[in-house]
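Visitor: What follows is a predicted protein model with its sequence.
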Amino acid sequence: ATFRSKILARSLIQFSRRLATMPLADIADVDIDSKGVFKYILIQVTDTETKEKKFVVRGYYRCTFHDDILQETKSSAPSGLKLKCVGGGRIKHDDAGKDLLVYGYSQGYGRADHQVAVDILKHKYPDYHIHFSNDGY
């Protein structure tokens, strides 16, 4: 192989690695249903290459169990990221009243740090009243 083809091959490999991994900044901090009451989890996402970490909130009415949310999130995550559920609970999303209540716990993963979840939610919903309670299931 010529010098030029070796350089081209190396460039293609580096490019494909960049496509396979996604910087943490490109991962949405929040993905929850637009209204209703549903389970949610707090996930620690780690970039396996840079070791950079961040927390994200995921919650869907369609998921019966907290682990269903984690598995769904893992299945759509780019390679190069490690996802770990650090707790869960429920969210009551009143879109008309612009109110989010974070509460409860997960039987499988324990109670998420609801204050961390609220802080993340406030960035996506700055005009909402967002609060939490450690009461309830």
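Guide: Yep, it's here.
Visitor: Could I get the contacting residues of the residue sitting nearest the centre point of the chain?
Guide: Nearest residue to the geometric centre of the chain (CA atoms, centre = their mean): Val56, 3.4 Å. Listed by CB atoms under 8 Å, 6 or more residues apart in numbering, the contact set of Val56 reads 27-31, 42-43, 45, 120. C-beta coordinates here come from the backbone N, C-alpha and C atoms, glycine included.
Visitor: got it, and Gly59?
Guide: Counting by CB under 8 Å, 6+ apart, Gly59 touches 31-33, 38-41, 69, 91.
Visitor: bridging residues for it?
Guide: Gly59 forms beta bridges with Ile32, Tyr40, as assigned by DSSP bridges.
Visitor: The chain should start at 689 in everything you say after this.
Guide: Sure thing, new numbering starts at 689, so read that last one as Gly747.
Visitor: what's the spacing between it and Lys770?
Guide: 20 Å (CB to CB, to the nearest Å).
Visitor: Going by neighbour count, which of the contacts of Val744 are buried?
Guide: 715, 717-719, 730-731, 733, 808 (16 or more other CB atoms under 10 Å).
Visitor: of all these, which two lie farthest apart?
Guide: Pairwise distances across the buried ones among the contacts of Val744 (CB to CB) peak at 13.9 Å, for the pair Ile715 and Leu730.
Visitor: Give me the helices and strands touching the lengthiest strand in the chain, please.
Guide: The single longest strand within the chain, with elements called by DSSP state E, is strand 769-782. On a contact count with 3 or more CB pairs under 8 Å, 6 or more residues apart in numbering; DSSP states H and E, strand 769-782 meets strand 724-735, helix 754-764, strand 787-791.
Visitor: and the ones you listed as CSV, adding mean pLDDT and distance to Phe820?
Guide: As requested, the helices and strands packed on strand 769-782 are arranged in CSV below (pLDDT from 0 to 100; distance: least, CB to CB, whole Å):
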stretch, mean pLDDT, distance to Phe820
strand 724-735, 97, 11
helix 754-764, 95, 17
strand 787-791, 98, 4
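Visitor: Can you convert these into TSV and add a column each for distance to Tyr797?
Guide: Output for the helices and strands packed on strand 769-782, formatted as TSV (distance: least, CB to CB, whole Å):
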stretch	distance to Tyr797
strand 724-735	7
helix 754-764	6
strand 787-791	15
